[in-house]
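In: Structure for the following, please:
(one chain, ligands or ions: 1)
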Amino acid sequence: MTAHDDVVPQLAIVRDSIRRAEQDFGRPAGSVALVAVSKTMPAERIRPALEAGHRIFGENRVQEAQSKWPALREAFPDLELHLIGPLQTNKVKEAVALFDVIQTLDRPSLAGALRKEIERQGRSPRLLVQVNTGAEPQKAGIDPREVPAFLRECREVHGLAPEGLMCIPPIDAPPSAHFALLARLARSEGLPVLSMGMSADYEAAIQLGATHVRVGSAIFGART
Ligand SMILES: *Cc1c(COP(=O)(O)O)cnc(C)c1O
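Out: Residues are numbered from 1 along each chain as shown. The predicted model follows:
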């Protein structure tokens with residue numbers, strides 16, 4: 001036994017319950033991708049998951065991701081790294097270079113900065129728009145009512161084509177209404193990707209149409 005032997009069995013449990021939720025809720029097998037959220041976890045704790053074949057990971061801070069992932073990517077070139085935390089405009093250059101998916105496009109100025117950097121680097125991370133489904137003043141994300149206009153601005157002004165939506169429901173509310181709202185918005189905008197659901201509620205998110213669930217503590221344990 002080493003200190004990180006718990007990760008692979010916990011990963012297997014989460015993968016199994018995702019497959020079971022797909023079956024239970026009539027979703028096609030394999031239609032839900034697991035983003036293993038490895039924020040705050042050291043590379044030694046992430047490596048066993050990679051060695052067990054997992055390839056999709058999420059980080060919430062650009063600087064932390066930069067310190068861990070270039071070396072891991074050298075060993076596992078086919079991994080897919082998602083940014084799931086807020087992106088400051090002064091970190092856009094690093095984020096475009098490092099991430100395969102940026103889930104937190106949440107304001108017009110960021111869309112402009114991303115477009116410039118994508119053109120400069122010739123590297124195009126896939127993009128999701130973060131929606132503030134609870135309209136919480138302290139939380140990032142586009143107000144649900146402004147999603148259609150923001151998507152239009154992304155496409156027509158910035159030449160960006162977001163593939164879907166993500167949300168982080170309020171911590172003190174049942175998440176299902178937020179998942180349903182996000183799914184409805186994505187459907188009416190014709191967007192195929194829905195990132196919603198975390199350790200405590202990913203099964204409900206799968207029931208409501210999640211294509212990506214973001215699971216951290218159920219795989220890697222509690223963060224200190
Ligand atoms: C930390 C984090 C998660 C994972 O949360 P867990 O409850 O540990 O599964 C998912 N999404 C975002 C945006 C996060 O910051």
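
In: And the strand or helix carrying residue 72, what does it pack against?
Out: Using DSSP states H and E, residue 72 falls within helix 62-75. Applying 3 or more C-beta pairs under 8 Å, 6 or more residues apart in numbering; DSSP states H and E, one finds that helix 62-75 contacts helix 43-51, strand 56-59, strand 80-83, helix 92-98. For glycine as for every other residue, the C-beta is placed from the backbone atoms N, C-alpha and C.

In: my guess is residue 184 is in a helix, correct?
Out: Yes. Assessed with DSSP: H, G, I helix; E, B strand; the rest coil, residue 184 lies in a helix.

In: gap between it and the ligand?
Out: Distance, residue 184 to the ligand, by C-beta to the nearest ligand atom, to the nearest Å: 21 Å.

In: Same question for residue 203.
Out: For residue 203, the distance to the ligand - C-beta to the nearest ligand atom - is 12 Å.

In: repeat for residue 105
Out: Using C-beta to the nearest ligand atom, which is the criterion applied here, residue 105 is 13 Å from the ligand.

In: list the contacts for that residue?
Out: The contact partners of residue 105, taken as C-beta atoms under 8 Å, 6 or more residues apart in numbering, are 87, 111, 114, 127, 128, 129, 130, 154, 160, 162.

In: Closest one of those residues to residue 45?
Out: residue 87 (24.3 Å; C-beta to C-beta).

In: three-state assignment of that closest one?
Out: Residue 87 ends up coil, using three-state DSSP.

In: where do the strands sit along the protein?
Out: Assigned by DSSP state E, the strands in the chain fall at 33-37, 56-59, 80-83, 101-105, 126-131, 164-167, 193-195, 212-215.

In: would you turn these into CSV with mean pLDDT?
Out: Shown next, in CSV, are the strands of the chain (pLDDT from 0 to 100):
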stretch, mean pLDDT
strand 33-37, 98
strand 56-59, 98
strand 80-83, 98
strand 101-105, 98
strand 126-131, 98
strand 164-167, 98
strand 193-195, 98
strand 212-215, 98
